[in-house]
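Visitor: The sequence and its predicted three-dimensional model are supplied below.
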Amino acid sequence: MTPPARAAVLLAAGLAGAAGAADRPLVIAHRGASGYLPEHTLAAKALAVGMGADAVEQDLVLSRDGVPVVSHDVQIDTVTDVAGRFPARARADGRFYAIDFTVAELRQLAVNERIVLKSGQPAFPGRYPAGPSPLRIVTFEEELRFIRGLSKSAGRAIGIYPELKQPKWHREQGRDLAAAVLPLLTAYGYATEDAPCHVQCFEFDELRRVRGDLGYRGRLVYLFGAEPKEPTLEEVARVADGIGPSIKAVVAAGPDGAAQVTDLVRRAHALGLVVHPYTARADELPPWAKTIDDVHRRVLVEAGADGLFTDFPDLTAAFVRRK
Ligand code: CA
């Protein structure tokens, strides 16, 4: 770790510690401002910061040469033109995997708005147009440098929210994702409990390993859809600092379709866990919501969550500032 790196992240704006004010919910740009630009491009990250996000998310997978790159899935065929550029490189299942390509090869790909593989149609038709763009895949380290730069020029410490994607699958490929990611977090000054960084993962065993065997001291968040029986929230609280549940686990649809706030946030708070549900989308609302502000009100005000993943950081930031 270089002292200037840590200083730039944490002190660019004279801020120490967590991104966002402690007394208001954290606005987490889900894959960047993905409601407006192809997910996980630097353009989407910069737009999110310009829109007032407190933190930007990085989904992390490994390249063939073992470099963490920022992409949502281990397959890259729904967000790039890989099938056209490297048609012979599909696996037996017909899919194209980041781990089969070097960083130099991944850099040649154009990133597009996400498509649904089966239909070839945009996942969100109202968003950025489909088809190749001038945007590119970046490595995690490139994005860390970019965020450091943005923190300085924006005058505030932009938080990061890296997700370890499918560590078990990576291990089956003979690779250790966490072992490649954690040294970068240390090098850039994020591996402390007060740094503006949350490391998230759906695999609790991996979080336990990161905290235990790998000795990571920064903040950890356990992700889930429906609340699992195992691990219990008490077990989670012994390892992690927070949970990232689906919005459905925080505000359910009652029998009449009306919103029903669950007791999950209250129980998590009683154990000292922060709660950052996913994902607010203006163009894909829960059945009980008519607008994204209905989502904001139920999740952040009524349920009392501590932050929210959002594809529309401008709308979420505007709501949080009005409150
Ligand atoms: Ca994610």
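Guide: Thanks, I have the structure now.
Visitor: going forward, measure contacts and count neighbours with C-alpha atoms only.
Guide: Fine.
Visitor: got any ranges where this structure has weak pLDDT?
Guide: When residues are selected by pLDDT under 70, those of the chain lie in 1-22.
Visitor: quick one, longest helix in it?
Guide: Scanning the chain for the helix with the most residues, using DSSP state H, yields helix 140-154.
Visitor: Name the residues of that helix that are buried.
Guide: 140, 141, 143, 144, 147, 148, 149, 150, 151, 152, 154 (16 or more other Cα atoms under 10 Å).
Visitor: Now distance to residue 267 too, for these, in CSV please.
Guide: Listed next are the buried residues of helix 140-154 as CSV, based on distance: Cα to Cα, whole Å:
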residue, distance to residue 267
140, 34
141, 36
143, 35
144, 34
147, 34
148, 35
149, 38
150, 36
151, 34
152, 37
154, 36
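Visitor: Return the member of the residues you listed nearest to residue 93.
Guide: Of all the buried residues of helix 140-154, residue 140 has the smallest distance to residue 93: 27.3 Å, by Cα to Cα.
Visitor: so that closest one makes contact with residue 63?
Guide: No - taking Cα atoms under 8 Å as the definition, residue 140 is not a contact partner of residue 63, at 11.0 Å.
Visitor: what do these two both touch?
Guide: Common neighbours of residue 140 and residue 63, counting by Cα atoms under 8 Å, 6 or more residues apart in numbering, are residue 69.
Visitor: before we move on, the earlier item: quick one: contacts of the next helix or strand after the longest helix of the chain?
Guide: Later in the chain than helix 140-154, the nearest helix or strand by DSSP states H and E is strand 159-164. Residues outside strand 159-164 that contact it (Cα under 8 Å, 6+ apart): 18-19, 28, 54-61, 177-178, 196-201.
Visitor: Only C-alpha atoms, please: export the very next helix or strand once past strand 159-164 in CSV.
Guide: Of the helices and strands lying after strand 159-164 in sequence (DSSP H and E), the nearest is helix 167-172. Coordinates of each C-alpha in helix 167-172 appear next as CSV, following Å, rounded to 0.1, in the frame of the first residue of the first chain:
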residue,chain,number,x,y,z
PRO,A,167,-15.9,-17.8,-5.6
LYS,A,168,-16.8,-21.5,-5.5
TRP,A,169,-17.1,-21.6,-9.3
HIS,A,170,-13.8,-19.8,-9.6
ARG,A,171,-12.2,-22.4,-7.3
GLU,A,172,-13.6,-25.2,-9.5
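Visitor: How far away from the center of its chain is the helix or strand just after helix 167-172?
Guide: Once the chain leaves helix 167-172, the next helix or strand it forms, by DSSP H and E, is helix 177-187. Here the centre of helix 177-187 is set off from its chain's centre by 16 Å, with Cα atoms, centre = their mean, to the nearest Å.
Visitor: From the contact counts, what lies against helix 177-187?
Guide: Here helix 177-187 touches strand 68-70, helix 167-172, going by 3 or more Cα pairs under 8 Å, 6 or more residues apart in numbering; DSSP states H and E.
Visitor: redo that, cut-off 6 Å
Guide: Contact partners of helix 177-187 among helices and strands, from 3 or more Cα pairs under 6 Å, 6 or more residues apart in numbering; DSSP states H and E: none.
Visitor: In strands, which of the contacts of strand 159-164 appear?
Guide: By the criterion of DSSP state E, membership of those in strands covers 28, 55, 56, 57, 58, 59, 60, 61, 198, 199, 200, 201.
Visitor: Would you check that the second one makes contact with residue 158?
Guide: Okay, so that is residue 55. Yes - the criterion here is Cα atoms under 6 Å, and residue 55 meets it with residue 158 at 5.4 Å.
Visitor: Residue 108 versus residue 129, what's the distance?
Guide: Separation of residue 129 from residue 108 (Cα to Cα, to the nearest Å) stands at 20 Å.
Visitor: Check the spacing between residue 212 and residue 235 real quick.
Guide: In terms of Cα to Cα, residue 212 sits 14 Å off from residue 235.
Visitor: make that residue 317, sorry
Guide: Taking Cα to Cα, one finds residue 317 at 32 Å from residue 235.
Visitor: Those two: which is more packed in?
Guide: Neighbours per residue (other Cα atoms under 10 Å) separate residue 317 from residue 235, with residue 317 holding more: 22 against 13.
Visitor: so where does that one fall, helix or strand?
Guide: In this assignment (DSSP H and E), residue 317 forms part of helix 313-322.
Visitor: Can you mark which positions in that helix are buried?
Guide: Neighbour-count burial for helix 313-322, counted by 16+ other Cα under 10 Å, picks out 313, 314, 315, 316, 317, 319, 320.
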